[in-house]
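S.K.: Mind looking at a prediction? Sequence and model below.
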Amino acid sequence: MAMLTALTATAKVKKTAAAPAPAPTTDNILTEQEQREGWKLLWDGKTTNGWRGAKLQTFPTKGWRMEEGILKVEKASGAESGNGGDIVTEKNYHNFILKVDFKITEGANSGIKYFVDPDMNQGEGSAIGCEFQILDDLRHPDAKLGVKGNRKLGSLYDLIPAPEQKPFDITTWNTATIIVKDNHVEHWLNGVKLVQYERGTQQWNALVAYSKYKNWPNFGNRDGRILLQDHGDEVWFKNIKIKEL
């Protein structure tokens, strides 16, 4: 586990802003500055354009709903991809900054995945990819599993834990930011860096070998789609935007 320690040592809170962009006054709208900087909306706030089910060719007919500019995962049994299933972008992404506003209900579990190949898992459970964990750390049992808290909010799920102290309020909207520049990846929450890592290295491969992803070939080392997870709990998303680098 020495390699795990070496990687998690980088997961310290950094009190600097991650690629700030002025917040629009209306949800799911880009400001003029964001447009000049190359930001694009991944979800238009109204339709399913650009998205489909991870294991479908169309958008799920159940389990997801759009209401007043909010994309909602509906409450179900709490099973992984057990209701409407995960949704993924129709496009693959390489280098990018992804920003997603999210809000969770008490005890909820969800996630934002990237480098997702929908064909890697056509069986039960979620599609396979690196995951920015979204979780109620205080109430969901998954927070007590994994290694050194690597299944808690903001962590690279089952691989690198986020710090215990992080800016989060379950009663309001929060912003997850994922930055990918070649093999360098960062997780940010509400403007604070939680995790950073280099994929494709010897340390990375050793870390994957200790995780639940050890049997998935070349895990995390290829480009892929972006995914919003259905984990059977009610979770809300809006202002989903991306800037390709």
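M.R.: Right, received. Where do you want to start?
S.K.: How many residues are close by Gly38?
M.R.: Using other CB atoms under 10 Å, the number of residues around Gly38 comes to 11. Every residue, glycine included, has its C-beta placed from N, CA and C.
S.K.: Can you give me every residue that contacts it?
M.R.: Shown in contact with Gly38 (CB atoms under 8 Å, 6 or more residues apart in numbering): 243-244.
S.K.: And the pLDDT for it?
M.R.: We have a pLDDT of 98 for Gly38.
S.K.: hey, which helix or strand in the protein has the poorest pLDDT?
M.R.: Ranking every helix and strand in the chain by mean pLDDT, DSSP states H and E puts helix 2-8 at the bottom, with a mean of 44.
S.K.: so after it, what's the next helix or strand?
M.R.: Heading C-terminal from helix 2-8, the first helix or strand you meet, by DSSP states H and E, is helix 32-37.
S.K.: Report the backbone C-alpha coordinates of that next one in PDB.
M.R.: Taking Å, rounded to 0.1, in the frame of the first residue of the first chain, the C-alpha atoms of helix 32-37 are listed here in PDB:
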ATOM      1  CA  GLU A  32     -20.500  35.800 -23.200                       C
ATOM      2  CA  GLN A  33     -17.200  35.300 -21.500                       C
ATOM      3  CA  GLU A  34     -17.700  31.500 -21.200                       C
ATOM      4  CA  GLN A  35     -18.600  31.400 -24.900                       C
ATOM      5  CA  ARG A  36     -15.400  33.400 -25.800                       C
ATOM      6  CA  GLU A  37     -13.400  31.000 -23.600                       C
END
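S.K.: same for whichever helix or strand comes after it, what does it pack against?
M.R.: Next helix or strand after helix 32-37 toward the C-terminus (DSSP H and E): strand 39-41. Judged by 3 or more CB pairs under 8 Å, 6 or more residues apart in numbering; DSSP states H and E, strand 39-41 is in contact with strand 235-244.
S.K.: how about the strand it packs on: buried residues?
M.R.: By 16 or more other CB atoms under 10 Å, the buried positions in strand 235-244 come out as 235-243.
S.K.: Let me know the closest of these to Thr47.
M.R.: Ile240 (12.9 Å; CB to CB).
S.K.: On the pLDDT front, check the closest one for me.
M.R.: Reported pLDDT for Ile240: 98.
S.K.: how near is it to Ile179?
M.R.: Ile240 sits 15 Å away from Ile179, going by CB to CB, to the nearest Å.
S.K.: so what's the spatially most central residue of the chain up against?
M.R.: Nearest to the geometric centre of the chain sits Ile112, at 1.9 Å (CA atoms, centre = their mean). Applying CB under 8 Å, 6+ apart, we find Ile112 in contact with 98, 100, 102, 131-132, 134, 176, 178, 226-229.
S.K.: What about the closest residue to it other than its chain neighbours, how many residues nearby?
M.R.: Once flanking residues are discounted, Ile112 sits nearest to Phe132: 4.4 Å by CB to CB, 6 or more residues apart in numbering. Counted with other CB under 10 Å, the neighbours of Phe132 add up to 28.
S.K.: Check what pLDDT Phe132 gets.
M.R.: The model's pLDDT for Phe132 equals 98.
S.K.: where does it land in three-state SS?
M.R.: strand (DSSP: H, G, I helix; E, B strand; the rest coil).
S.K.: hang on, it packs against Leu156?
M.R.: Yes. With contact defined as CB atoms under 8 Å, Phe132 counts as touching Leu156 (7.4 Å).
S.K.: Mind listing the shared neighbours of these two?
M.R.: Common neighbours of Phe132 and Leu156 (CB under 8 Å, 6+ apart) are His187.
S.K.: Sketch out the low-pLDDT regions of this structure for me.
M.R.: Residue ranges of the chain with pLDDT under 70: 1-25.
S.K.: what ranges do the strands span in it?
M.R.: Under the criterion DSSP state E, the chain carries strands at the ranges 39-41, 51-53, 64-67, 70-73, 87-89, 96-104, 109-117, 128-135, 174-181, 184-189, 192-198, 225-228, 235-244.
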